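Engineer: next comes the sequence, and after it the predicted model I'd like to discuss.
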Amino acid sequence: MKSLTFNPQASTSNPHAAVVEVQNLVYAYSRQEPVLQDISFTLNSGDRVALMGATGSGKSTLLENLIGLKQPQSGKIWINGIHVEPKTLPQVRRYIGFAFQDANDQLFMPTILEDITFGPRNYGVPPAVAIDRARQLLADFGLEAYANRSAHELSGGQRRLAALAAILALEPTILILDEPTNGLDPAWRRHLAQVLLKLPVQMMLIASHELQWLGKVTQRALVLSGGRIPIDGQIQPLLQEGKTLDQLGLPVDW
Ligand SMILES: Nc1ncnc2c1ncn2[C@@H]1O[C@H](COP(=O)(O)OP(=O)(O)O)[C@@H](O)[C@H]1O
Ligand SMILES: [Mg+2]
């Protein structure tokens, strides 16, 4: 007799083992026209992807759908083959480091050091190891001197770097960043690009309207416009297409 094995994930697993798979996603805020009208794309291991689009095009809304903070009206999302739905969120979020557009949403402990050790300690990392990791990250982001200060004693740019350190402390395999350069001066924008290029993550998706910076950090671009993704391709040739970008609300030279 043939033996039957029960696989509890069989009904939710995606046969295509992409890192992120989005199929026909539709999302509307209550009583409004959908912001995301029909979104489909696949992100694979090794991809560094820019999510471009004018202010209000739905970049943050799309990222929040990916990590399950918002529930789409229709369509499906898989992360590492797991269908994103309320019951799979704890599992899905273990892979993902997500930086909110507003870093204040991410820092809530009395000191920055505690903010950065909070996640790892929650996952059972021994305190001494968590503190070592946090101090290394603080050094990477030039924040050693601020370890014992609270987030509201930092500048906007420093808060952004501290929030990123708190995310990286969890050693995510998928990194999703929403406008990570907000509040950073050119020197820190360059430094952040260098840090991101060295990270050993499996896949990175970065929403930003800073096209030249995205060109340094990512290889592929998704452009969000009119609730759809009219462009999905290599970023460098796209950055030369000034006219196309202008029509999509992303002027390069002005
Ligand atoms: N909480 C909300 N309620 C209603 N509409 C919203 C809300 N948040 C965002 N929107 C609208 O959704 C659209 C997309 O917003 P958002 O995803 O923040 O765009 P982006 O990140 O590209 O600037 C905008 O038109 C915005 O006004
Ligand atoms: Mg946004």
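Structural biologist: Arrived safely, thanks for sending. Numbers count the residues shown, from 1 in each chain. Ligands and ions are numbered 1, 2, ... in the order given.
Engineer: residues near the residue of the stretch 1-150 of the chain found nearest ligand 2, how many?
Structural biologist: Going by CB to the ion, ligand 2 is nearest to Ser60 of the stretch 1-150 of the chain, at 3.2 Å. For every residue, glycine as well, the C-beta is placed using N, CA and C. Per other CB atoms under 10 Å, the neighbour tally for Ser60 reads 20.
Engineer: do Asn104 as well
Structural biologist: Asn104, neighbours per other CB under 10 Å, totals 13.
Engineer: that one touches Arg159, doesn't it?
Structural biologist: Yes. The criterion here is CB atoms under 8 Å, and Asn104 meets it with Arg159 at 6.7 Å.
Engineer: phi first, then psi, for the nearest residue to Pro127 once chain neighbours are set aside.
Structural biologist: Nearest residue to Pro127, sequence neighbours excluded (CB to CB, 6 or more residues apart in numbering): Arg121, at 6.3 Å. When read as degrees, to the nearest 10, the backbone of Arg121 gives phi -60, psi -40.
Engineer: quick revisit: tell me the contacts of the residue of the stretch 1-150 of the chain closest to ligand 2?
Structural biologist: By CB atoms under 8 Å, 6 or more residues apart in numbering, the contact set of Ser60 is Gln101, Asp178, Ala207.
Engineer: SS state for it?
Structural biologist: Here Ser60 is recorded as helix under DSSP: H, G, I helix; E, B strand; the rest coil.
Engineer: ok, it to ligand 1 distance?
Structural biologist: Distance of Ser60 to ligand 1, given as CB to the nearest ligand atom, to the nearest Å: 3 Å.
Engineer: go ahead and confirm Arg48 touches Thr218.
Structural biologist: Yes. Counting by CB under 8 Å, Arg48 does reach Thr218; the two are 4.4 Å apart.
Engineer: okay, the two: which has more neighbours?
Structural biologist: Thr218 (25 against 20).
Engineer: dump the residue contacts of that one.
Structural biologist: Counting by CB under 8 Å, 6+ apart, Thr218 touches Arg48, Val49, Ala50, Met204, Ile206, Ile235.
Engineer: among those residues, which lie within strands?
Structural biologist: Arg48, Val49, Ala50, Met204, Ile206 (DSSP state E).
Engineer: let's have those in JSON lines, adding pLDDT and distance to ligand 2.
Structural biologist: Output for the ones in strands among the contacts of Thr218, formatted as JSON lines (pLDDT from 0 to 100; distance: CB to the ion, whole Å):
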{"residue": "Arg48", "pLDDT": "97", "distance to ligand 2": "19"}
{"residue": "Val49", "pLDDT": "98", "distance to ligand 2": "16"}
{"residue": "Ala50", "pLDDT": "98", "distance to ligand 2": "14"}
{"residue": "Met204", "pLDDT": "97", "distance to ligand 2": "17"}
{"residue": "Ile206", "pLDDT": "98", "distance to ligand 2": "12"}
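Engineer: got the residues you listed as CSV, with distance to Tyr29 columns?
Structural biologist: Formatted as CSV, those follow (distance: CB to CB, whole Å):
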residue, distance to Tyr29
Arg48, 30
Val49, 25
Ala50, 24
Met204, 27
Ile206, 23
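Engineer: and the buried ones among those residues, selectable in ChimeraX?
Structural biologist: In ChimeraX, this line selects whichever of the ones in strands among the contacts of Thr218 come out buried by 16 or more other CB atoms under 10 Å:
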select :48,49,50,204,206
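Engineer: so which pair among the ones in strands among the contacts of Thr218 is furthest apart in space?
Structural biologist: Greatest spatial distance among the ones in strands among the contacts of Thr218 (CB to CB): Ala50 and Met204, at 9.5 Å.
Engineer: common neighbours of the two, please.
Structural biologist: With CB under 8 Å, 6+ apart as the test, Ala50 and Met204 both reach Val217, Thr218.
Engineer: give me the buried stretch members for stretch 35-46, please.
Structural biologist: For stretch 35-46, a neighbour-count test (16+ other CB under 10 Å) marks Val35, Leu36, Ile39, Phe41, Leu43 as buried.
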